[in-house]
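Take a look and give me a structure for this.
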Amino acid sequence: MDSLQGLPRLSTLSTSASSILNAKLGTDHYLTQASSLVSEFLTQCDDLDRSLIHLNRTLESSLASYASFSDRIGSLFGDVNSKLTDLRSSCCSRSFLSDGEGLGEELPALAKEVARVETVRAYAEIASKLDNLVGDIEDAVSSTMNKNLRKDSAPRNSEEIRLIAIKTLKLTEDLLTSVSKTRPQWARLVSAVDHRIDRALAILRPQAIADHRALLTSLGWPPPLSNLTSSSLDTTKSSEVLNPLFTMQGDLKHQYCENFLALCRLQELQRQRKYRQLEGYNREVALHQPLWAIEELVNPVSVASQRHFSKWIDKPEFIFALVYKITRDYVDSMDELLQPMVDEAMLTGYSCREEWISSMVASLSTYLAKEIFPVYVGQLEEESMTGIKSQARTSWLHLVDLMVSFDKRIKSLVEQSGILLSLQEDGTLRKISSFSVFCDRPDWLDLWAEIELADTLEKLKPEMDEEKNWTKKVQGVVLSNSDDYKCPAVSGSIFRCVSSLIDQCRSLPTVSLRSRFLRLAGIPVLKNFYDCLLLRCQEAEGLTALTDDEALVKVANSINAAHYAEHILKEWSEDVFFLEMGLDQGDEFGESIAEYSGSNIPIEEYGNGIFHEEIIKFEDFRTQWVEKISIVVLRGFDARSRDYLKNRKQWQERSEGWTVSKTLVGALDYLQGKMSVIEENLNKLDFAVIWRSLASGLDRLIFNGILMSNAKFHDDGLERFGYDLDVLFGVFRAWCLRPEGFFPKTSEGLKLLKMEKKQLQGGRTGGGEKWMKENGIRHLSVAEVEKIGKNRVFTK
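Here you go, the predicted structure:
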């Protein structure tokens, strides 16, 4: 009984000792072998004692060798000091030489020698200091390893040793940074020290992470997810969730905080080392890594979540809801508990909220890339091979809609910390976007764009085929403050679909992906719209040569649609969102923009915007068909006024009671009718171009056909010609105050004919340009003035 009372309590035994005893003494049968078991334990203890004695002797020999090394270094310093003393005395004795010859030649050599000796001394001091520091680091690492092997050691002692090692690492790194800046020629010394530190860190970091994981397990992390149901996922408010980070107390909380701090300090130290080692390279790419401590929180949660994900392959909305719920429920603890410790560890540039959210999103993106998208891609490939339509495209579009909704909710969580994502670079958006899955798989982006394009064109086809959508106007659409745009309803449908594609495009995390998607999905819709406009106008021209009103209305509606498209695209192109895509000369996959757009425009023109080519197309289309309408109306007027223009004798005859020439009435009626149809159906800006162009054409037609035709103008004929022009000007007076100004040659020709005989003869007898300027003739040449003057016959 006395021997049994001397046994230690079971709680004081280490885990390894307890497991061995449980294995050796599991049943009563093993108790009969207790004596052999004791002898076995005694033998093992003797072996361990011998190993300990051997280690002590090794340590003594190492200390002795280190002491001898220190003695040698001390003797070397003594020799250096004695040489410096001899050098100083030699210099003093030589200073007493009277002639001083040769001293100037020896001084540079002496200075060089002094500098060399000083460099050796400094090198020896730095090397000794670094050797001591690295030795302390290696001792601390060895101690932590031994502590981990001995399970009965106190966890706090192990943590304190790790903190000492990290502090020593910080001192060593500061010294190495100073040496790298001030003594770059000592690169081999720095490299040798870095090699030893890398070996120490290769042990220290896994130990710290393993201890952190053990602490998380003892805290009860990750929290249980088994109580989640589809109904609980749909709730907008967070239910009561026990957060182990908030409920931990006492020594466990202290241990976790100390371990978290140690891990953060270790990461900051690693970042400083990388910053020094990557001098001269693009350091920002390699320096920013996910926060190690947050990753250790996310990884077990991700593993636990995927057990639920596997049941929801056909219901991806539950997957997104679960990830968002977990992210939202624990995000506050990141700000309140962990962020102060990150700040205390001087780990700059890190937000625990952002790191938690981005890590959760990254885990979701990884699952989508491995489990969800490959299934959909396989279904699409099977559909293309068999020709049997499936739900793959619908499922893909539904998944994209879920991703868009999820990203919006995630961004709202991030912005609660005050981070304005609109001002961030692509890197931040990529970390918190589920669409980052397309960054590594551009072929999936192309497939998505193809699906979106096919779906959009399929939706637009019935609307574009419906003729009433081309005649029905969109109310309230204006080009400027006063100009009604008169665009057909189909234009609104087109740009609603394009806007929807742009909204989808905004969800992509990088400019290159947005540009790629928009060129593959959005711009082809605009090209299809342009082709449809061109086809409608060509059909109208081919059937009737635009001579009937129905064809004119059809072309006018197409012009309105093109002008509206041009206006909207120009407005969009002024947005920074589209300017960035226009400036993007290629993408991160090394492929040119022209490859996807099918464009032959030089690459430098893309600085004008991503829609530059389409704007040019719509503008050229509008200009071309506005000009064609003007030409058609002018030709119709010419055909109906041919007798009027060719009858030169009528200007020598008296009128028969008609104020206007009979042969001109039909042409004026045709002109009035066509212009009314065009004005009613065409937008005001393009209509203004048409009537101005038509006025210019009529001016040339009348001037060349009548005034330059050598027709003799008597007084009665001149009066009737003036009435004819007044009626013609009256047609255009509805759109301007002085229509004569748009008929410059005809108006000045009439002005010449109405001059008095003496005044007109003054111009004919060598008045020249001076006379023309004095009489307000600015659009006619001297020869034209003389010719018109010769054709004037004064009968009164």
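
Now do the contacts for Met403.
By C-beta atoms under 8 Å, 6 or more residues apart in numbering, the residues touching Met403 are Phe320, Ser434, Phe435, Ser507. All C-beta spots, glycine's among them, are computed from the backbone N, C-alpha and C.

Could you count how many residues lie near the last one?
For Ser507, the number of neighbouring residues by other C-beta atoms under 10 Å comes to 22.

cool, and the first one?
Counted with other C-beta under 10 Å, the burial measure for Phe320 works out to 22 neighbours.

could you point out which element follows the host helix or strand of it?
Per DSSP states H and E: Phe320 is located in helix 316-333. As assigned by DSSP H and E, the chain's next helix or strand after helix 316-333 is helix 339-344.

That next one - contacts with which helices or strands?
helix 250-277, helix 352-367 (3 or more C-beta pairs under 8 Å, 6 or more residues apart in numbering; DSSP states H and E).

and the helix or strand Arg72 falls within, what's its mean pLDDT?
Taking DSSP H and E as the criterion, Arg72 maps to helix 34-94. Across helix 34-94, the average pLDDT comes to 74.

And for stretch 527-540?
Computed over stretch 527-540, the average pLDDT equals 95.

so how far is that stretch from its chain's centroid?
Chain-centre distance of stretch 527-540: 34 Å, with C-alpha atoms, centre = their mean, to the nearest Å.

Extract the CA atoms of that stretch and return them as PDB.
C-alpha atoms of stretch 527-540 as PDB (Å, rounded to 0.1, in the frame of the first residue of the first chain):
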ATOM      1  CA  LYS A 527     -23.100  44.800 -84.700                       C
ATOM      2  CA  ASN A 528     -26.200  42.700 -85.200                       C
ATOM      3  CA  PHE A 529     -28.400  45.900 -84.700                       C
ATOM      4  CA  TYR A 530     -26.300  47.800 -87.200                       C
ATOM      5  CA  ASP A 531     -26.600  45.000 -89.800                       C
ATOM      6  CA  CYS A 532     -30.400  45.000 -89.300                       C
ATOM      7  CA  LEU A 533     -30.600  48.700 -89.900                       C
ATOM      8  CA  LEU A 534     -28.500  48.500 -93.000                       C
ATOM      9  CA  LEU A 535     -30.600  45.600 -94.300                       C
ATOM     10  CA  ARG A 536     -33.900  47.500 -93.800                       C
ATOM     11  CA  CYS A 537     -32.600  50.500 -95.600                       C
ATOM     12  CA  GLN A 538     -31.200  48.500 -98.500                       C
ATOM     13  CA  GLU A 539     -34.500  46.700 -98.800                       C
ATOM     14  CA  ALA A 540     -36.400  50.000 -99.000                       C
END
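
Enumerate the positions of it that are buried.
Across stretch 527-540, burial judged by 16 or more other C-beta atoms under 10 Å covers Asn528, Phe529, Tyr530, Cys532, Leu533, Leu534, Arg536, Cys537, Ala540.

How about stretch 676-689?
By neighbour count on 16+ other C-beta under 10 Å, the buried set for stretch 676-689 is Val677, Ile678, Asn681, Leu682, Asn683, Lys684, Leu685, Asp686, Phe687, Val689.

three-state assignment of Pro223?
coil (DSSP: H, G, I helix; E, B strand; the rest coil).

re the thing from before, just put the helices and strands packed on helix 339-344 in TSV and tack on distance to Glu138, mean pLDDT and mean neighbour count.
Output for the helices and strands packed on helix 339-344, formatted as TSV (distance: least, C-beta to C-beta, whole Å; pLDDT from 0 to 100; neighbours: other C-beta atoms under 10 Å):
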stretch	distance to Glu138	mean pLDDT	mean neighbour count
helix 250-277	16	89	18
helix 352-367	32	93	22
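
can you redo those helices as TSV with distance to Trp735?
Listed next are the helices and strands packed on helix 339-344 as TSV, based on distance: least, C-beta to C-beta, whole Å:
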stretch	distance to Trp735
helix 250-277	71
helix 352-367	60
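
Can you say which of these is nearest to Leu634?
helix 352-367 (63.0 Å; C-beta to C-beta).

Also compute the angle for the closest one relative to helix 316-333, please.
Orientation check (axes from the mean of the first three to the mean of the last three C-alpha atoms, to 10 degrees): helix 352-367 against helix 316-333 gives 160 degrees.

Helix 352-367: how far from the chain's middle?
19 Å.

contacting residues for the nearest residue to Met248 once chain neighbours are set aside?
Distances taken as C-beta to C-beta, 6 or more residues apart in numbering place Leu219 nearest to Met248, at 5.4 Å, with adjacent residues excluded. Contacts for Leu219 (C-beta under 8 Å, 6+ apart) come out as Pro244, Leu245, Met248, Leu252, Tyr256.

How about Leu760?
Residues near Leu760 by C-beta under 8 Å, 6+ apart: Leu752, Gly789, Arg792.

Tell me, how many residues neighbour the last one?
This means Arg792. Residues within reach of Arg792, counting by other C-beta under 10 Å, total 19.

Surely it is in contact with Leu750?
No: applying C-beta atoms under 8 Å as the test, Arg792 and Leu750 come out as separate, 11.1 Å apart.

Quickly list what's touching both of these two.
Contacts common to Arg792 and Leu750, judged by C-beta under 8 Å, 6+ apart, are absent.

Which stretches in the stretch 51-200 of the chain count as helices?
Remark: helices assigned in the stretch 51-200 of the chain by DSSP state H, counting those that start in this stretch are 103-149, 155-182, 187-219.

Would you mind giving those as TSV with distance to Cys736 and mean pLDDT added?
Shown next, in TSV, are these (distance: least, C-beta to C-beta, whole Å; pLDDT from 0 to 100):
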stretch	distance to Cys736	mean pLDDT
helix 103-149	90	79
helix 155-182	77	85
helix 187-219	82	90
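
Quick check: the residue nearest to Met248 vs Ser158, distance?
18 Å (C-beta to C-beta, to the nearest Å).

same question, Ile73
Taken as C-beta to C-beta, the span from Ile73 to Ser158 is 34 Å.

Those two: which has the busier surroundings?
With other C-beta under 10 Å as the criterion, Ile73 and Ser158 differ in neighbour count, and Ser158 comes out ahead with 19 against 14.

from memory that one sits against Thr144, does it?
Yes: shown here, Ser158 and Thr144 form a contact pair, counting by C-beta under 8 Å, at 5.7 Å.

Let me know the closest of the buried residues of stretch 676-689 to Glu627.
Among those, Val689 lies closest to Glu627 (C-beta to C-beta), at 8.5 Å.

what's near enough to touch the closest one?
Val626, Ser630.

in what helix or strand does it lie?
Per DSSP H and E: Val689 is located in helix 684-702.

in the helix or strand following that helix, what counts as buried?
Remark: after helix 684-702, the chain's next helix or strand is helix 715-732, criterion DSSP H and E. Neighbour-count burial for helix 715-732, counted by 16+ other C-beta under 10 Å, picks out 716-721, 723-725, 728-729, 731-732.

Need those in JSON lines (columns: pLDDT).
Converted to JSON lines, the buried residues of helix 715-732 look like this (pLDDT from 0 to 100):
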{"residue": "Asp716", "pLDDT": "87"}
{"residue": "Gly717", "pLDDT": "87"}
{"residue": "Leu718", "pLDDT": "89"}
{"residue": "Glu719", "pLDDT": "89"}
{"residue": "Arg720", "pLDDT": "90"}
{"residue": "Phe721", "pLDDT": "92"}
{"residue": "Tyr723", "pLDDT": "92"}
{"residue": "Asp724", "pLDDT": "93"}
{"residue": "Leu725", "pLDDT": "94"}
{"residue": "Leu728", "pLDDT": "94"}
{"residue": "Phe729", "pLDDT": "94"}
{"residue": "Val731", "pLDDT": "93"}
{"residue": "Phe732", "pLDDT": "95"}
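
Which single one of those residues is nearest to Leu413?
Phe732 (63.7 Å).

Done for today, thanks.
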